[in-house]
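Engineer: Pasting the sequence and the predicted coordinates here, then a few questions.
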Amino acid sequence: MIPRYIEECYPAAVDGTMMQDTKLEIEILPGNALCKECNKVFNLVKNSGICPCCLNKNFDLLSGKEFSIKEIIAF
Ligand SMILES: [Zn+2]
């Protein structure tokens with residue numbers, strides 16, 4: 001998975017920089033989908049698998065691709 005890969009590589013990536021004593025925390029946003037009708041990205045869990053914009057069930061699953069960096073923690 002991409003987020004885990006980044007978390008593992010982060011210490012090496014920041015080694016020798018002013019960021020070297022920080023820890024990366026990534027928040028994965030699970031179950032996101034892209035509505036094929038109106039192109040809105042919505043959360044499948046929150047919206048019960050129905051687009052909140054046009055109430056369609058025709059969507060592409062984005063799960064596993066969508067993630068964001070939650071915070072960088074300094075030790
Ligand atoms: Zn829609």
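Structural biologist: Structure received. Numbering: from 1, shown residues only.
Engineer: Name the residues of stretch 12-23 that come out as buried.
Structural biologist: 14, 22 (16 or more other Cβ atoms under 10 Å). Glycine gets a C-beta too; all of them are placed from N, C-alpha and C.
Engineer: same thing with stretch 44-54?
Structural biologist: 44, 47, 51.
Engineer: any idea how far the ion is from residue 54?
Structural biologist: Counting by Cβ to the ion, to the nearest Å, the separation of residue 54 from the ion is 4 Å.
Engineer: Tell me which residues touch that residue, please.
Structural biologist: Residue 54 sits next to 35, 37, 38, 40 when contact means Cβ atoms under 8 Å, 6 or more residues apart in numbering.
Engineer: Tell me which of the residues you listed fall in strands.
Structural biologist: Judged by DSSP state E, the contacts of residue 54 include residue 35 as members of strands.
Engineer: and which of the buried residues of stretch 44-54 is nearest to the ion?
Structural biologist: Using Cβ to the ion, residue 51 comes nearest to the ion of these, at 3.2 Å.
Engineer: number of nearby residues for the closest residue to residue 62 other than its chain neighbours?
Structural biologist: By the measure of Cβ to Cβ, 6 or more residues apart in numbering, the closest residue to residue 62 outside its immediate chain neighbours is residue 32, 4.3 Å from it. Per other Cβ atoms under 10 Å, the neighbour tally for residue 32 reads 21.
Engineer: coming back round to it: which one among the buried residues of stretch 44-54 gets closest to residue 62?
Structural biologist: Distance ranking of the buried residues of stretch 44-54 against residue 62, using Cβ to Cβ, places residue 44 first at 9.2 Å.
Engineer: thinking again about what came up before, thinking the residue nearest to residue 62 is in contact with residue 44, fair?
Structural biologist: Yes. Under the criterion of Cβ atoms under 8 Å, residue 32 makes contact with residue 44 at 7.0 Å.
Engineer: before we move on, the earlier item: quick one, which of the contacts of residue 54 are buried?
Structural biologist: Neighbour-count burial (16+ other Cβ under 10 Å) is assigned, among those, to residue 35.
Engineer: name the element residue 23 belongs to?
Structural biologist: strand 22-28 (DSSP states H and E).
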